[in-house]
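A.B. asks: just to be clear, the model below is a prediction. Sequence and coordinates:
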Amino acid sequence: MARRKPSDLRSARWFAEDSLRAAGHRSRMMQMGYDPVDWVDRPIVAILNTWSDMNQCHSHFKERVHDVKRGVLQAGGLPMELPALSLSEVMVKPTTMLYRNLLAMETEELLRSHPVDGAVLMGGCDKTTPALLMGAISAGLPCIYAPAGPQLRGHWKGRTLGSGSDIWKFWDERRAGNISDEAWTGIEGGVNRSYGTCMTMGTAATMMTITDALGMSLPGASSIPAADSGHIRMMTESGRRIVDMVWEDLTPAKVLDARSFRNAIAAAMAMGCSTNAIIHVIAIARRAGVDVTLDDFDRASRVVPVIANIRPSGSTYLMEDFFYAGGALGMLARMREHLDGGAMTVNGRTLGDNIAGAEVYDDDVIRPLANPIYAEGALAVLRGNLAPDGCVIKPSACEPRLLQHTGPALVFDDYASMKAAVERDDLDVTADHVLVLRNAGPLGGPGMPEWGMLPIPKKLLKAGVRDMLRLSDARMSGTSYGGCVLHVAPEAFIGGPLALVQAGDLISVDVPKRSIHLHVDDAELARRRAAWTPPPPRYERGYGFLAARHMLQADDGCDFDFLETSFGAPVREPDIF
């Protein structure tokens, strides 16, 4: 690869000229204790750090940023830390999805407005990964993603616990009266034992691994546990690599193409991915100028089996086991027949080169293609009169009996009324009912909260029921499981067909046929639509007001319309006067 000259560096526009404005820039750098030798003829590397005291997944980033800086300095660059919105999945309400695009905007503008030549993107907790990638792709500078890594396995009384997945399971047992307060406190303290993201194949692990498959992180970086010393070395190597990427001018546009996203989608299927992967990958792809749709995921799901035996699709293992078994590189090598090995990656080599020597060390954790945990992919896209623009189910994580099911609807217009109703012992509900939650989509939620794994009514829990069909325009946590039909589009809040469902209406789901159907005739639906009244807006000012006017629907990735690459001409470099 041809290398750029120091005069070609973007930061030289701020510092190299003999001008009053450049003199001010140099003077202010010296005010901070820097010497011209720190920046002259050196790439300036932004380190976008999503650490905060309120983000449990990124609590180690306060130290890891120094490891990244060390690598940048070793390679001859100048590291500059730029704090960015942290987005703790657990703590931020009503949902981090409402703020994913805000972090994407911040990332893009931080990189465009500052005198930097490239960036290391420090993320991991669910929405930080897609947001950082979306913003960095739009900014167009060389960038490399440095993942937070999964936390260590949870433990309680000799049992291995998985974050999220086991909390949902044991919470149902507690609601059924099978777990004491003392035992519950032990579970709370045992399920999350270290810094790092959820160690199930939730949204965080899914998106870190997808980024690996896209070629936007160092090969295999996504699987390294956060507490492993190898994670420190990976962070330092990422710092070294970004300096070379700047000299090589290896931008996202030179790494990402249609092959990259086909590889990412295939990998998502093989890993038993979070349903949230669909929304995020569509949004990331459109920032890169690649048209990805729900059909691309469904097409891959029919041919790529689930081979990562990781909860919640798997029954036994967690991300720490996945790492020991060979990690992302081992999985990608095992499924190479479903990949395009010619796709470029940030280390300057192709994906095929990167996985050429990868091995799998445990065939039960990362299965051979001929012995998958689920023969088809992790996700299925359904369409019908109830979801004209599509909806999503994770068949690998629900009871098989629900893959073809017809039942009467039990409808809730908001989460609060649903939450209260399912605790009633006199609720008129059976295991054949379809629980419906609406007004929980991108605009109705607002922000499409992870409410889609509706709680099983207590009455049914006591009778031994642990899964039933649930339908919503919400999302669910990637650590969740069960017969949950999600992302119904268009959403009820804007008048989608879900808004017209009434209690007792029969709803059919047929996953093999990829269909969902509301058994109400067109004339009756037209009558209901004429009587439907749009709900009042969720926001009348502020960021929520902006989001409500520009957030796209789930099938389009929930980006803001004006942020998609196709919306307008590229933003030019800032004027410096």
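C.D. replies: Received, thanks.
A.B. asks: low-confidence regions, the chain specifically.
C.D. replies: The chain contains residues with pLDDT under 70 at 1.
A.B. asks: could you identify the longest strand within it?
C.D. replies: Identified as the longest strand of the chain according to DSSP state E is strand 404-412.
A.B. asks: in the following helix or strand past that strand, which residues are buried?
C.D. replies: Using DSSP states H and E, the helix or strand that follows strand 404-412 in sequence is helix 415-421. Under the neighbour-count criterion of 16 or more other C-beta atoms under 10 Å, helix 415-421 has 415, 418, 421 buried. Using the backbone N, CA and C atoms, a C-beta is placed for each residue, glycine as well.
A.B. asks: which residues does residue 376 contact?
C.D. replies: If a contact means C-beta atoms under 8 Å, 6 or more residues apart in numbering, then residue 376 has 301, 302, 304, 305, 306, 395, 396 as its contacts.
A.B. asks: do that again at 10 Å, thanks
C.D. replies: Residue 376 is in contact with 269, 300, 301, 302, 303, 304, 305, 306, 395, 396, 511, 512, counting by C-beta atoms under 10 Å, 6 or more residues apart in numbering.
A.B. asks: quick one: the strands in the chain, in order.
C.D. replies: Along the chain, counting by DSSP E, strands occupy 44-49, 78-83, 118-123, 143-147, 154-156, 159-161, 380-384, 387-393, 404-412, 434-437, 470-472, 484-486, 506-510, 515-518.
A.B. asks: so for residue 216, which of the ones you listed sits nearest?
C.D. replies: Nearest to residue 216, of all the strands of the chain, is strand 143-147, at 4.9 Å by C-beta to C-beta.
A.B. asks: looking at the buried residues of helix 415-421, which is nearest residue 116?
C.D. replies: Among those, residue 415 lies closest to residue 116 (C-beta to C-beta), at 41.9 Å.
A.B. asks: give me the number of residues near the closest residue to the closest one other than its chain neighbours?
C.D. replies: Excluding the flanking residues, the one nearest residue 415 by C-beta to C-beta, 6 or more residues apart in numbering is residue 451, at 5.4 Å. The number of residues packed around residue 451, counting by other C-beta atoms under 10 Å, is 24.
A.B. asks: same check on residue 459?
C.D. replies: 17.
A.B. asks: got it, and residue 115?
C.D. replies: 19.
A.B. asks: now swap in residue 508 and tell me
C.D. replies: Neighbour count for residue 508, taken as other C-beta under 10 Å: 18.
A.B. asks: and residue 188, by the same measure?
C.D. replies: Here the number of neighbours of residue 188 (other C-beta under 10 Å) works out to 12.
A.B. asks: how close does it sit to residue 154?
C.D. replies: According to C-beta to C-beta, to the nearest Å, residue 188 stands 10 Å off from residue 154.
A.B. asks: give me the common contacts of those two.
C.D. replies: Joint contacts of residue 188 and residue 154 (C-beta under 10 Å, 6+ apart) are residue 167.
A.B. asks: where does residue 147 sit relative to residue 172, distance-wise?
C.D. replies: As judged by C-beta to C-beta, residue 147 and residue 172 stand 31 Å apart.
A.B. asks: cool, and residue 15?
C.D. replies: 60 Å.
A.B. asks: hmm, back to that, out of the strands of the chain, nearest to residue 255?
C.D. replies: Minimum separation from residue 255 across the strands of the chain (C-beta to C-beta) falls at strand 143-147, 9.3 Å.
A.B. asks: select only the buried ones of the contacts of residue 376 in PyMOL?
C.D. replies: Buried residues among the contacts of residue 376 (16+ other C-beta under 10 Å), as a PyMOL selection:
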select buried, resi 269+300+301+304+305+306+395+396+511
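A.B. asks: want to throw the contacts of residue 376 into a markdown table with distance to residue 218?
C.D. replies: Shown next, in a markdown table, are those (distance: C-beta to C-beta, whole Å):
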| residue | distance to residue 218 |
| --- | --- |
| 269 | 23 |
| 300 | 25 |
| 301 | 28 |
| 302 | 31 |
| 303 | 28 |
| 304 | 24 |
| 305 | 27 |
| 306 | 25 |
| 395 | 33 |
| 396 | 29 |
| 511 | 37 |
| 512 | 39 |
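A.B. asks: next step: the contacts of residue 376 restricted to helices.
C.D. replies: Counted as lying in helices by DSSP state H, out of those, are 269, 300, 301.
A.B. asks: contact partners for the second one?
C.D. replies: Contact criterion C-beta under 10 Å, 6+ apart gives 262, 264-270, 338, 376-379 as the residues in contact with residue 300.
A.B. asks: can you give me the helices in the stretch 151-300 of the chain?
C.D. replies: 165-175, 181-191, 203-214, 229-248, 252-255, 258-271, 276-287, 294-301 (DSSP state H, counting those that start in this stretch).
A.B. asks: which of these sits most buried?
C.D. replies: Mean neighbour counts were taken over the helices of the stretch 151-300 of the chain using mean count of other C-beta atoms under 10 Å, and the top value, a mean of 30, falls to helix 203-214.
A.B. asks: which helices and strands sit right next to that one?
C.D. replies: When contacts are defined as 3 or more C-beta pairs under 10 Å, 6 or more residues apart in numbering; DSSP states H and E, helix 203-214 sits against strand 118-123, helix 128-139, strand 143-147, helix 258-271, helix 276-287, helix 319-324, helix 327-334, helix 351-355.
A.B. asks: got the CA coordinates for the fifth one in PDB?
C.D. replies: Presented in PDB, the C-alpha positions along helix 276-287 are these (Å, rounded to 0.1, in the frame of the first residue of the first chain):
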ATOM      1  CA  ASN A 276     -31.300  -6.600  17.400                       C
ATOM      2  CA  ALA A 277     -28.500  -7.400  14.800                       C
ATOM      3  CA  ILE A 278     -31.000  -6.900  12.000                       C
ATOM      4  CA  ILE A 279     -31.800  -3.300  13.000                       C
ATOM      5  CA  HIS A 280     -28.100  -2.300  13.600                       C
ATOM      6  CA  VAL A 281     -26.600  -4.000  10.500                       C
ATOM      7  CA  ILE A 282     -29.200  -2.400   8.200                       C
ATOM      8  CA  ALA A 283     -28.300   1.000   9.700                       C
ATOM      9  CA  ILE A 284     -24.500   0.500   9.500                       C
ATOM     10  CA  ALA A 285     -24.700  -0.800   5.900                       C
ATOM     11  CA  ARG A 286     -26.700   2.200   4.700                       C
ATOM     12  CA  ARG A 287     -24.100   4.500   6.200                       C
END
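A.B. asks: now that helix against helix 203-214, angle please.
C.D. replies: 40 degrees (axes from the mean of the first three to the mean of the last three C-alpha atoms, to 10 degrees).
A.B. asks: what's the angle between helix 276-287 and helix 294-301?
C.D. replies: Inter-element angle recorded for helix 276-287 and helix 294-301: 120 degrees (by the same axes, to 10 degrees).
A.B. asks: again, but for the second one
C.D. replies: Between the axes of helix 128-139 and helix 294-301, defined by the same axes, to 10 degrees, the angle is 120 degrees.
A.B. asks: which strands and helices sit next to helix 128-139?
C.D. replies: By 3+ C-beta pairs under 10 Å, 6+ apart, helix 128-139 packs against strand 44-49, helix 97-113, strand 118-123, strand 143-147, helix 203-214, helix 252-255, helix 276-287.
A.B. asks: may I have it as CSV, with CA atoms only?
C.D. replies: Extracted C-alpha coordinates of helix 128-139, given in CSV (Å, rounded to 0.1, in the frame of the first residue of the first chain):
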residue,chain,number,x,y,z
THR,A,128,-22.3,1.8,21.5
THR,A,129,-20.9,-0.6,18.8
PRO,A,130,-23.4,0.3,16.0
ALA,A,131,-23.4,3.9,16.9
LEU,A,132,-19.6,4.3,16.8
LEU,A,133,-19.4,2.5,13.5
MET,A,134,-22.3,4.5,12.0
GLY,A,135,-20.7,7.8,12.9
ALA,A,136,-17.2,6.8,12.0
ILE,A,137,-18.3,5.5,8.6
SER,A,138,-20.0,8.8,7.9
ALA,A,139,-17.0,10.8,9.0
